[in-house]
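>>> sequence-free structure coming up:
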(Lines give C-alpha, C1' and ligand atoms only; values in the text may rest on other atoms or scores of the structure.)
Protein backbone atom coordinates (compact mmCIF):
# COMPACT_ATOMS: atom_id res chain seq x y z
CA UNK A 1 0.00 0.00 0.00
CA UNK A 2 2.75 2.43 0.99
CA UNK A 3 4.60 1.56 -2.19
CA UNK A 4 1.54 2.41 -4.30
CA UNK A 5 1.14 5.76 -2.52
CA UNK A 6 4.83 6.58 -3.10
CA UNK A 7 4.56 5.61 -6.76
CA UNK A 8 1.48 7.79 -7.14
CA UNK A 9 3.22 10.74 -5.56
CA UNK A 10 6.21 10.23 -7.86
CA UNK A 11 3.97 10.16 -10.95
CA UNK A 12 2.16 13.26 -9.73
CA UNK A 13 5.46 15.03 -9.17
CA UNK A 14 6.69 14.07 -12.63
CA UNK A 15 3.45 15.33 -14.15
CA UNK A 16 3.73 18.64 -12.30
CA UNK A 17 7.37 19.05 -13.38
CA UNK A 18 6.50 18.28 -16.99
CA UNK A 19 3.56 20.67 -16.90
CA UNK A 20 5.71 23.43 -15.37
CA UNK A 21 8.38 22.87 -18.03
CA UNK A 22 5.69 23.07 -20.72
CA UNK A 23 4.40 26.38 -19.34
CA UNK A 24 7.93 27.81 -19.11
CA UNK A 25 8.65 26.77 -22.70
CA UNK A 26 5.36 28.23 -23.87
CA UNK A 27 5.99 31.55 -22.11
CA UNK A 28 9.57 31.71 -23.44
CA UNK A 29 8.39 31.05 -27.00
CA UNK A 30 5.71 33.72 -26.68
CA UNK A 31 8.26 36.18 -25.32
CA UNK A 32 10.67 35.47 -28.17
CA UNK A 33 7.87 35.90 -30.68
CA UNK A 34 6.89 39.20 -29.09
CA UNK A 35 10.49 40.47 -29.16
CA UNK A 36 10.83 39.39 -32.80
CA UNK A 37 7.68 41.30 -33.75
CA UNK A 38 9.02 44.38 -31.98
CA UNK A 39 12.46 44.25 -33.59
CA UNK A 40 11.92 42.77 -37.08
CA UNK A 41 11.12 46.11 -38.70
CA UNK A 42 14.12 47.75 -37.03
CA UNK A 43 16.40 44.92 -38.18
CA UNK A 44 14.98 45.04 -41.71
CA UNK A 45 15.51 48.80 -41.88
CA UNK A 46 19.09 48.48 -40.64
CA UNK A 47 19.81 45.80 -43.24
CA UNK A 48 18.29 48.03 -45.93
CA UNK A 49 20.48 50.95 -44.87
CA UNK A 50 23.61 48.79 -44.81
CA UNK A 51 22.83 47.43 -48.27
CA UNK A 52 22.16 50.93 -49.60
CA UNK A 53 25.44 52.16 -48.12
CA UNK A 54 27.28 49.28 -49.82
CA UNK A 55 25.70 50.14 -53.17
CA UNK A 56 26.61 53.81 -52.83
CA UNK A 57 30.16 52.80 -51.92
CA UNK A 58 30.52 50.91 -55.21
CA UNK A 59 28.54 53.39 -57.31
CA UNK A 60 29.35 56.80 -55.75
CA UNK A 61 28.10 58.79 -58.76
CA UNK A 62 24.60 57.33 -58.54
CA UNK A 63 21.81 59.88 -58.23
CA UNK A 64 19.43 57.13 -57.18
CA UNK A 65 19.37 53.34 -56.98
CA UNK A 66 16.00 51.65 -57.42
CA UNK A 67 14.29 48.36 -58.06
CA UNK A 68 13.22 47.67 -61.63
CA UNK A 69 10.71 45.10 -62.85
CA UNK A 70 12.94 43.96 -65.70
CA UNK A 71 15.97 43.65 -63.44
CA UNK A 72 13.92 41.72 -60.88
CA UNK A 73 12.79 39.33 -63.61
CA UNK A 74 16.42 38.67 -64.52
CA UNK A 75 17.29 38.05 -60.86
CA UNK A 76 14.52 35.45 -60.71
CA UNK A 77 16.26 33.68 -63.60
CA UNK A 78 19.73 34.22 -62.15
CA UNK A 79 20.40 30.60 -61.20
CA UNK A 80 19.65 29.46 -64.75
CA UNK A 81 21.71 32.29 -66.24
CA UNK A 82 24.74 31.64 -64.04
CA UNK A 83 24.57 27.89 -64.64
CA UNK A 84 24.68 28.53 -68.38
CA UNK A 85 27.80 30.61 -67.79
CA UNK A 86 29.43 27.86 -65.70
CA UNK A 87 29.00 29.62 -62.33
CA UNK A 88 27.61 26.86 -60.11
CA UNK A 89 29.05 28.17 -56.84
CA UNK A 90 27.69 31.72 -57.10
CA UNK A 91 24.32 33.30 -56.33
CA UNK A 92 22.85 36.64 -57.41
CA UNK A 93 21.14 37.92 -54.27
CA UNK A 94 19.83 41.19 -55.66
CA UNK A 95 20.27 43.66 -58.49
CA UNK A 96 19.18 47.28 -58.75
CA UNK A 97 19.00 49.83 -61.54
CA UNK A 98 21.23 52.89 -61.13
CA UNK A 99 20.29 56.34 -62.44
CA UNK A 100 22.66 59.24 -63.07
CA UNK A 101 22.10 62.91 -62.29
CA UNK A 102 20.38 63.38 -65.66
CA UNK A 103 17.74 60.81 -64.69
CA UNK A 104 19.00 58.21 -67.15
CA UNK A 105 19.58 54.54 -66.34
CA UNK A 106 23.35 54.32 -66.11
CA UNK A 107 24.20 50.81 -64.85
CA UNK A 108 23.56 48.19 -62.20
CA UNK A 109 24.27 47.67 -58.53
CA UNK A 110 24.50 43.95 -57.84
CA UNK A 111 24.83 41.87 -54.69
CA UNK A 112 26.39 38.47 -55.40
CA UNK A 113 27.71 35.60 -53.29
CA UNK A 114 30.26 32.85 -53.68
CA UNK A 115 29.64 29.84 -51.47
CA UNK A 116 33.27 28.73 -51.73
CA UNK A 117 35.00 31.01 -49.24
CA UNK A 118 37.28 29.47 -46.62
CA UNK A 119 34.72 30.48 -43.97
CA UNK A 120 31.66 29.80 -46.11
CA UNK A 121 29.62 32.39 -47.98
CA UNK A 122 31.26 35.58 -49.21
CA UNK A 123 28.77 38.23 -50.34
CA UNK A 124 29.68 41.50 -52.00
CA UNK A 125 28.09 44.43 -53.75
CA UNK A 126 29.49 45.69 -57.03
CA UNK A 127 28.79 48.58 -59.37
CA UNK A 128 28.75 47.92 -63.12
CA UNK A 129 28.21 50.67 -65.67
CA UNK A 130 26.52 50.61 -69.06
CA UNK A 131 29.93 50.83 -70.79
CA UNK A 132 31.16 47.68 -69.05
CA UNK A 133 33.19 49.19 -66.24
CA UNK A 134 33.40 47.50 -62.85
CA UNK A 135 33.53 50.45 -60.46
CA UNK A 136 34.46 48.48 -57.36
CA UNK A 137 33.33 45.98 -54.72
CA UNK A 138 32.13 46.20 -51.12
CA UNK A 139 31.72 43.16 -48.85
CA UNK A 140 28.42 42.55 -47.11
CA UNK A 141 29.27 39.07 -45.75
CA UNK A 142 32.84 38.04 -44.98
CA UNK A 143 33.59 35.37 -42.39
CA UNK A 144 37.18 34.66 -43.39
CA UNK A 145 40.15 34.12 -41.07
CA UNK A 146 41.38 37.23 -39.27
CA UNK A 147 44.79 38.28 -40.57
CA UNK A 148 44.40 36.16 -43.69
CA UNK A 149 41.19 36.04 -45.75
CA UNK A 150 39.62 38.84 -43.72
CA UNK A 151 42.23 41.16 -45.23
CA UNK A 152 40.09 41.13 -48.38
CA UNK A 153 38.00 43.90 -46.79
CA UNK A 154 40.96 46.22 -46.17
CA UNK A 155 40.62 49.65 -47.76
CA UNK A 156 43.11 51.94 -49.44
CA UNK A 157 45.72 52.02 -52.13
CA UNK A 158 47.40 48.69 -52.72
CA UNK A 159 44.62 46.74 -51.00
CA UNK A 160 43.10 43.59 -52.45
CA UNK A 161 39.77 45.37 -53.04
CA UNK A 162 41.44 48.20 -54.93
CA UNK A 163 42.40 45.79 -57.72
CA UNK A 164 38.77 45.67 -58.82
CA UNK A 165 38.23 49.42 -59.03
CA UNK A 166 37.45 50.96 -62.42
CA UNK A 167 38.34 47.89 -64.45
CA UNK A 168 36.97 46.69 -67.79
CA UNK A 169 37.30 42.93 -68.17
CA UNK A 170 35.07 40.03 -69.13
CA UNK A 171 36.46 38.11 -66.16
CA UNK A 172 39.37 38.11 -63.72
CA UNK A 173 42.00 35.49 -62.91
CA UNK A 174 43.75 34.99 -59.57
CA UNK A 175 47.54 34.93 -59.69
CA UNK A 176 50.17 34.60 -56.99
CA UNK A 177 52.65 37.43 -56.80
CA UNK A 178 52.49 40.51 -59.01
CA UNK A 179 50.08 41.01 -61.89
CA UNK A 180 51.04 41.61 -65.50
CA UNK A 181 47.61 42.24 -67.05
CA UNK A 182 44.49 44.23 -66.21
CA UNK A 183 42.39 41.10 -65.80
CA UNK A 184 44.73 39.54 -63.21
CA UNK A 185 44.09 39.79 -59.46
CA UNK A 186 46.98 39.27 -57.05
CA UNK A 187 45.93 36.77 -54.37
CA UNK A 188 46.04 37.66 -50.70
CA UNK A 189 49.14 36.03 -49.22
CA UNK A 190 48.13 32.85 -47.42
CA UNK A 191 44.48 33.19 -48.50
CA UNK A 192 44.22 31.84 -52.01
CA UNK A 193 40.86 30.20 -51.31
CA UNK A 194 39.37 33.50 -50.21
CA UNK A 195 40.87 35.31 -53.19
CA UNK A 196 39.46 32.77 -55.63
CA UNK A 197 36.01 32.91 -54.01
CA UNK A 198 35.93 36.71 -54.29
CA UNK A 199 36.96 36.54 -57.93
CA UNK A 200 34.32 33.86 -58.54
CA UNK A 201 31.64 36.18 -57.12
CA UNK A 202 32.89 39.16 -59.13
CA UNK A 203 33.09 37.15 -62.36
CA UNK A 204 29.56 35.85 -61.81
CA UNK A 205 28.35 39.40 -61.22
CA UNK A 206 30.05 40.63 -64.41
CA UNK A 207 28.58 37.78 -66.43
CA UNK A 208 25.11 38.50 -65.04
CA UNK A 209 25.46 42.24 -65.72
CA UNK A 210 26.52 41.55 -69.30
CA UNK A 211 23.46 39.37 -69.83
CA UNK A 212 21.28 42.21 -68.59
CA UNK A 213 23.00 44.67 -70.94
CA UNK A 214 22.56 42.31 -73.89
CA UNK A 215 18.85 42.11 -73.06
CA UNK A 216 18.57 45.91 -72.68
CA UNK A 217 17.34 45.29 -69.13
CA UNK A 218 16.24 48.49 -67.45
CA UNK A 219 16.46 50.38 -70.74
CA UNK A 220 20.25 50.24 -71.04
CA UNK A 221 22.59 48.11 -73.06
CA UNK A 222 23.19 47.25 -76.68
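That came through fine. Quantities reported herein were computed from a predicted structural model and do not represent experimental measurements.
>>> excluding chain neighbours, what is closest to residue 203?
Excluding its sequence neighbours, the residue lying closest to residue 203 (CB to CB, 6 or more residues apart in numbering) is residue 171, at 4.5 Å. Just so you know, the C-beta spots here come from the backbone N, C-alpha and C atoms, and that holds for glycine as well.
>>> for this structure, name the helix or strand with the lowest mean pLDDT.
Scoring the helices and strands of the chain by mean pLDDT, DSSP states H and E places helix 2-58 at the bottom, with a mean of 71.
>>> before we move on, the earlier item: so the residue nearest to residue 203 sits right up against residue 201, yeah?
No - Residue 171 is beyond contact range of residue 201, at 11.7 Å (criterion: CB atoms under 8 Å).
>>> give me the more crowded residue out of these two.
More neighbours surround residue 201 than the other of residue 171 and residue 201, with 30 against 14 (other CB atoms under 10 Å).
>>> quick check: the more buried one is in a helix.
Yes - per DSSP: H, G, I helix; E, B strand; the rest coil, residue 201 lies within a helix segment.
>>> for the strand or helix carrying residue 124, packing partners?
Element membership for residue 124, per DSSP states H and E: strand 120-129. Applying 3 or more CB pairs under 8 Å, 6 or more residues apart in numbering; DSSP states H and E, one finds that strand 120-129 contacts helix 2-58, strand 105-117, strand 134-142, helix 192-214.
>>> elements contacting whichever helix or strand comes after the least confident helix or strand of the chain?
Per DSSP H and E, the first helix or strand lying C-terminal to helix 2-58 is strand 64-66. Judged by 3+ CB pairs under 8 Å, 6+ apart, the packing partners of strand 64-66 are helix 2-58, strand 90-99.
>>> from the chain's centre, how far out does strand 64-66 sit?
18 Å (CA atoms, centre = their mean, to the nearest Å).
>>> run me through the strand neighbours of that strand, direction for each.
Its sheet considered, strand 64-66 pairs with strand 90-99 (antiparallel) by DSSP bridges.
>>> give me the angle between the strand it pairs with and strand 120-129.
30 degrees (axes from the mean of the first three to the mean of the last three CA atoms, to 10 degrees).
>>> so for strand 90-99, mean pLDDT?
Taken as a whole, strand 90-99 has an average pLDDT of 96.
>>> report the distance from it to the chain centre.
10 Å.
>>> contact partners of that strand?
51, 55, 59, 62-68, 71-72, 74-75, 78-79, 81-82, 105-115, 123, 127, 200-201, 203-205, 208, 212, 218 (CB atoms under 8 Å, 6 or more residues apart in numbering).
>>> double-check that the residue nearest to residue 203 belongs to a strand.
No - per three-state DSSP, residue 171 lies outside any strand segment and is coil.
>>> what residues are up against it?
183, 203, 206, 207.
>>> for it, give me the pLDDT.
At residue 171, pLDDT is 96.
>>> what's the separation between it and residue 200?
Separation of residue 171 from residue 200 (CB to CB, to the nearest Å) stands at 10 Å.
>>> which neighbours do the two share?
Counting by CB under 8 Å, 6+ apart, nothing touches both residue 171 and residue 200.
>>> one step back: now the helices and strands packed on strand 120-129 in JSON lines, with distance to residue 150?
Shown next, in JSON lines, are those (distance: least, CB to CB, whole Å):
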{"stretch": "helix 2-58", "distance to residue 150": "17"}
{"stretch": "strand 105-117", "distance to residue 150": "11"}
{"stretch": "strand 134-142", "distance to residue 150": "7"}
{"stretch": "helix 192-214", "distance to residue 150": "8"}
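>>> sweet, I'm off.
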